[in-house]
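>>> got a predicted model here, sequence first, then my questions.
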Amino acid sequence: MLWNVNNSGILVSSFVIVSEVYLEKVGDKITDMPQLKQLRSKLEEIGLACGHCLPGQTYRFVCPMCKGGESNEKSLSLLIAQDGNAALWNCFRAKCGWSGNTRASADVKSSYNRMNIITPKVKTIRGITVQELKLEPLCHDLREYFAERMISEETLQRNSVMQRRYENQTAIAFTYKRKGELVSCKYRGLAKKFWQESDTEKILYGLDDIEGASDIIIVEGEMDKLAMEEAGFRNCVSVPDGAPPQVSTKDLPSQEKDIKYQYLWNCKEYLEKASRIILATDGDLPGQALAEELARRLGRERCWRVMWPSKNQNEHFKDANEVLMFMGPAVLREVIESAELYPIKGLLNFRDYFSEIDAYYHQTFNFDIGISTGWKALDDLYNVVPGELTVVTGVPNSGKSEWIDALICNLNHSVGWKFALCSMENNVREHARKLLEKHLQKPFFDVRYGKNVEKMSLEELEAGKQWLTDSFHLIRCENDSLPSVKWVLDLAKAAVLRYGVNGLVIDPYNELDHQRPSNHTETEYVSHMLTSIKRFAQHHSCHVWFVAHPRQLQQWNGKPPNLYDISGSAHFINKCDNGIVIHRNRDPDAGAMDLVQVCVRKVRNKVSGTIGDAFLEYNRYDASTFLAFYI
């Protein structure tokens, strides 16, 4: 039996079978023979639970030695021989590399005549002393180096900052102590290269200075800890390992798996007594990530954060030592004393929004109080506000889609809005015709509805096609399936991010695929659906028009329906920001047949409108107002 590692790093094997294979097939199932059961038992003893594993296959496991590192990855590869009599494994994490092999029976002859199992190494923490490390008092040059950074000799001595000589250099030695005893040592070369003593316990630098303290400061480097002392703060510690590149997206690991932040667990008794923890990490992105990781572990509710002052119009100071060097200890002290409460997601204060409130008052935000629909009769009733949801209903053939098409054309002409159209009841060419006629105010064909009005020219058609291209993006299923709300919103999000779309039309509700979960009522489903649409609208500042038909009205008297008549749920009126009913008179004895009644039945934002009715006349013939709505 030969064992190899292929080019991809995967364990592979080849066998020369000289004895009977002790596996038999019963139908499609493989019956385990004694040697395979014995092999599995041996593997389980070393932490590889492989009861499901079959011979001749490679499997991935979380390594029982390194636990897959911080990411808990399945880094160990296990291969069971074809005859079920041997196994080989290897962990491909560079920091682990645990490997070994075994056979089911020690009596079987093999090139491996014994189990080669590497037992887990228990990391032993070694004790160190100043004498063993050959640490010395700082030389004149290093004292001058610290003096340039505004760190006094008194602070250096109190923190036992020393040096260590190597063959061709002298490094600064930051001594990590607990209760006065040396625990670890970190070195810094003048080229800002760092290294630490191996196999020593990770703790916070300056740990003894926070014993019993109710307020503590945590910084990102030893130099910042010394700078804080120059500003009068001794209740300060530094992390030993610097900052991560970004905040982890995974759940907070257990103490055993929290390797990178093990120093927090090792100093738990010092940290748990603090009621206020000021995070004064670096101002760059890794420093902010470190602050978030510390806050996750220490509890955001007792954390504060430091905002470093501006260096110039484009930059801020990076850390405590930089502020000390350029601004002095008084400014550094003021910065720490001005620390802000660390933000807790979902727990906010109105002062966090004062700039937005001021902009709202001065109307410096675009369209804060809404955009006119283009019809003066509606200006007091309904204006279009970015990020809102408007539900539109009405009996069939009342003009809902025509009204929305005319509205979005008006918005495009007045403020240049772009739209994503999910209009399932219109085929593309027909919808294009309707939009072009409203845009050019000319008929598409020489047909009866245009009477004597000249149809659009070929040149106008070509210009109109470019307008369609620039102004609208279509969301359509090209096959026979119906689109779901999630599918529509995902594509609408892409349209917002890629094309700068400002509005989304979903027309109508009943043409969507409603795969309601079996444990949800229709009311619950509609509530969840409308909530997802509203969140999309708010998050992307995109106005959504959602057309929903009323349920069958058995005894309709010709009057406008109301929003509670929408088929499905009362949530259509409860959840929307604006509710509009489009109605057209069908009885010549009851009034004019060419008026469209726009019934505004709900307006959540009283700044943008109010409840009431407006009448628009639908004129098909006048070339100047062809297919336009007006008073």
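Good, I have the coordinates. If you're wondering where the values come from, they're calculated on a predicted model, not measured in any experiment.

>>> roughly how far apart are residue 319 and residue 514?
Plainly put, residue 319 is 55 Å away from residue 514 if you go by Cβ to Cβ, to the nearest Å. Where you see a C-beta, it was placed from the backbone N, CA and C, and this is true even at glycine.

>>> neighbour-wise, which of the two wins?
The neighbour comparison of residue 319 against residue 514 (other Cβ atoms under 10 Å) goes to residue 319, with 21 against 14.

>>> how much space separates that one from residue 235?
18 Å.

>>> same question, residue 66
Taking Cβ to Cβ, one finds residue 66 at 36 Å from residue 235.

>>> residue 601 touches residue 579, doesn't it?
Yes - assessed by Cβ atoms under 8 Å, residue 601 is found in contact with residue 579 at 4.6 Å.

>>> so these two - more neighbours on which side?
residue 579 (26 against 20).

>>> helix, strand, or coil at that one?
At residue 579, secondary structure determined by DSSP: H, G, I helix; E, B strand; the rest coil is strand.

>>> and if you look at residue 467?
helix.

>>> quick check, pLDDT for the residue nearest to it when sequence neighbours are not counted.
Closest residue to residue 467 in three dimensions, ignoring its sequence neighbours and counting by Cβ to Cβ, 6 or more residues apart in numbering: residue 439, at 6.0 Å. As predicted, residue 439 sits at a pLDDT of 93.

>>> run a quick neighbour tally on residue 439.
20.

>>> go on, residue 88?
22.

>>> tell me what residue 277 is bridged to.
For residue 277, the beta-bridge partners are residue 216, residue 303 (DSSP bridges).

>>> what residues are up against it?
215-218, 271, 294, 298, 302-304 (Cβ atoms under 8 Å, 6 or more residues apart in numbering).

>>> and which of those is nearest to residue 573?
residue 303 (43.3 Å; Cβ to Cβ).

>>> give me the distance between that closest one and residue 341.
Taking Cβ to Cβ, one finds residue 303 at 8 Å from residue 341.

>>> same question, residue 602
38 Å.

>>> looking at those two, which one has more neighbours?
residue 602 (18 against 14).

>>> can you tell me the closest non-neighbouring residue to that one?
Nearest to residue 602 is residue 579, by Cβ to Cβ, 6+ apart, at 3.5 Å.

>>> bridging residues for that neighbour?
Under the criterion used (DSSP bridges), residue 579 bridges to residue 391, residue 602.

>>> for it, give me its contacts.
390-391, 393, 563, 572-573, 600-602.

>>> reformat those residues as TSV; add pLDDT and distance to residue 429.
Formatted as TSV, these follow (pLDDT from 0 to 100; distance: Cβ to Cβ, whole Å):
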residue	pLDDT	distance to residue 429
390	96	27
391	94	28
393	91	27
563	82	33
572	84	31
573	84	35
600	95	33
601	93	34
602	93	35
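
>>> among those, which one has the most neighbours?
residue 393 (30 neighbours).

>>> isn't that one right up against residue 401?
No - counting by Cβ under 8 Å, residue 393 does not reach residue 401; the two are 11.9 Å apart.

>>> which neighbours do those two share?
residue 547.

>>> returning to what we had before: out of the contacts of residue 579, which is nearest to residue 49?
residue 572 (52.5 Å).

>>> find the nearest non-adjacent residue to the closest one, please.
residue 566 (4.4 Å).

>>> strands of the stretch 451-600 of the chain, start to end?
472-474, 503-507, 543-547, 578-584, 595-603 (DSSP state E, counting those that start in this stretch).

>>> err, the stretch 151-300 of the chain, not the other one
So, for the stretch 151-300 of the chain - with DSSP E, counting those that start in this stretch - the strands run 162-165, 170-178, 181-188, 194-196, 215-219, 236-238, 276-280.

>>> and the longest one with strand 181-188, angle?
To tie it back to what came earlier, the one meant is strand 170-178. Angle of strand 170-178 versus strand 181-188, following axes from the mean of the first three to the mean of the last three Cα atoms, to 10 degrees, is 150 degrees.

>>> what lines up beside strand 170-178 in the sheet?
According to DSSP bridges, strand 170-178 has these partners: strand 162-165 (antiparallel), strand 181-188 (antiparallel).

>>> ok now the shortest one, how far from the chain's centre?
This points to strand 162-165. Distance, stretch centre to chain centre, for strand 162-165: 45 Å (Cα atoms, centre = their mean, to the nearest Å).

>>> over to stretch 63-72?
25 Å.

>>> check stretch 481-497 too.
19 Å.

>>> send over it as PDB, restricted to the C-alpha atoms.
What follows is stretch 481-497 as a C-alpha-only set of coordinates in PDB (Å, rounded to 0.1, in the frame of the first residue of the first chain):
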ATOM      1  CA  SER A 481     -42.700  30.700 -14.100                       C
ATOM      2  CA  LEU A 482     -44.100  33.500 -11.900                       C
ATOM      3  CA  PRO A 483     -41.700  35.900 -10.100                       C
ATOM      4  CA  SER A 484     -41.600  35.900  -6.300                       C
ATOM      5  CA  VAL A 485     -41.400  39.100  -4.300                       C
ATOM      6  CA  LYS A 486     -37.900  38.300  -3.200                       C
ATOM      7  CA  TRP A 487     -36.800  37.700  -6.800                       C
ATOM      8  CA  VAL A 488     -38.200  41.000  -7.800                       C
ATOM      9  CA  LEU A 489     -36.600  42.900  -4.900                       C
ATOM     10  CA  ASP A 490     -33.200  41.300  -5.600                       C
ATOM     11  CA  LEU A 491     -33.300  42.500  -9.200                       C
ATOM     12  CA  ALA A 492     -34.600  45.900  -8.100                       C
ATOM     13  CA  LYS A 493     -31.600  46.200  -5.700                       C
ATOM     14  CA  ALA A 494     -29.300  45.500  -8.600                       C
ATOM     15  CA  ALA A 495     -31.000  48.100 -10.700                       C
ATOM     16  CA  VAL A 496     -30.700  50.700  -7.900                       C
ATOM     17  CA  LEU A 497     -27.000  50.000  -7.400                       C
END
